[in-house]
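Participant: this one's structure only:
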């Protein structure tokens, strides 16, 4: 069973405002960094999208994955199993249903454990994700977060 560590972070310059995500994937000696930015989004969307993009980057199913995030929104929703109740109710009155549905599809393809870590606590990979997310949010090449635009 593969043991992969994924560090994630999201950023929004204003909430809503321009935003970005950063991801660092670690598997043995291999390292991959991912990032992307959007013209108008929220911090919570970018935190969740970072986890999604990390899981999407995996090359095989049933991988054993630890995801490290400083987002209580994401970690608590999964580890306290709230998201599964939201799903049963069709995400009625919940924010970001488009991303939560994407997340759950990926989550079920792997053995995923989410771990909350304190942000800005000098954890090198988390600090790198923060840099990637902020740089992406400030870049001039920002995409449209269609899920945010539709729900606004």
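Facilitator: Yep, that arrived. Because the structure is predicted, anything quoted here is derived from the model rather than measured. Numbering: from 1, shown residues only.

Participant: going forward, measure contacts between C-alpha atoms and count neighbours the same way
Facilitator: Will do.

Participant: and the pLDDT for the residue lying closest to residue 45 once chain neighbours are set aside?
Facilitator: Counting by C-alpha to C-alpha, 6 or more residues apart in numbering, residue 45 lies nearest to residue 96, which is 6.8 Å off, once chain neighbours are set aside. We have a pLDDT of 97 for residue 96.

Participant: who's in contact with residue 96?
Facilitator: By C-alpha atoms under 8 Å, 6 or more residues apart in numbering, the contact list for residue 96 reads 45, 147-148.

Participant: quick check on these: which are buried?
Facilitator: Neighbour counting with 16 or more other C-alpha atoms under 10 Å marks 45, 148 as buried within the contacts of residue 96.

Participant: out of the contacts of residue 96, which sit inside helices?
Facilitator: Counting by DSSP state H, those place 45, 147-148 in helices.

Participant: which among the contacts of residue 96 gets closest to residue 112?
Facilitator: The closest of the contacts of residue 96 to residue 112 turns out to be residue 45 (C-alpha to C-alpha; 19.4 Å).

Participant: residues touching that closest one, list them.
Facilitator: Taking C-alpha under 8 Å, 6+ apart as the test, what residue 45 contacts is 10, 96, 99.

Participant: so what touches stretch 58-75?
Facilitator: Residues contacting stretch 58-75 (C-alpha under 8 Å, 6+ apart): 1-9, 44, 47-48, 51, 109-119, 126.

Participant: buried sites along that stretch?
Facilitator: 63, 65-72, 74-75.

Participant: pLDDT, distance to residue 88 and secondary structure for these - can I get that in CSV?
Facilitator: Listed next are the buried residues of stretch 58-75 as CSV, based on pLDDT from 0 to 100; distance: C-alpha to C-alpha, whole Å; DSSP: H, G, I helix; E, B strand; the rest coil:
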residue, pLDDT, distance to residue 88, secondary structure
63, 93, 25, coil
65, 97, 25, strand
66, 96, 25, strand
67, 97, 24, strand
68, 97, 26, strand
69, 98, 25, strand
70, 97, 26, coil
71, 97, 23, coil
72, 98, 21, helix
74, 98, 18, helix
75, 98, 19, helix
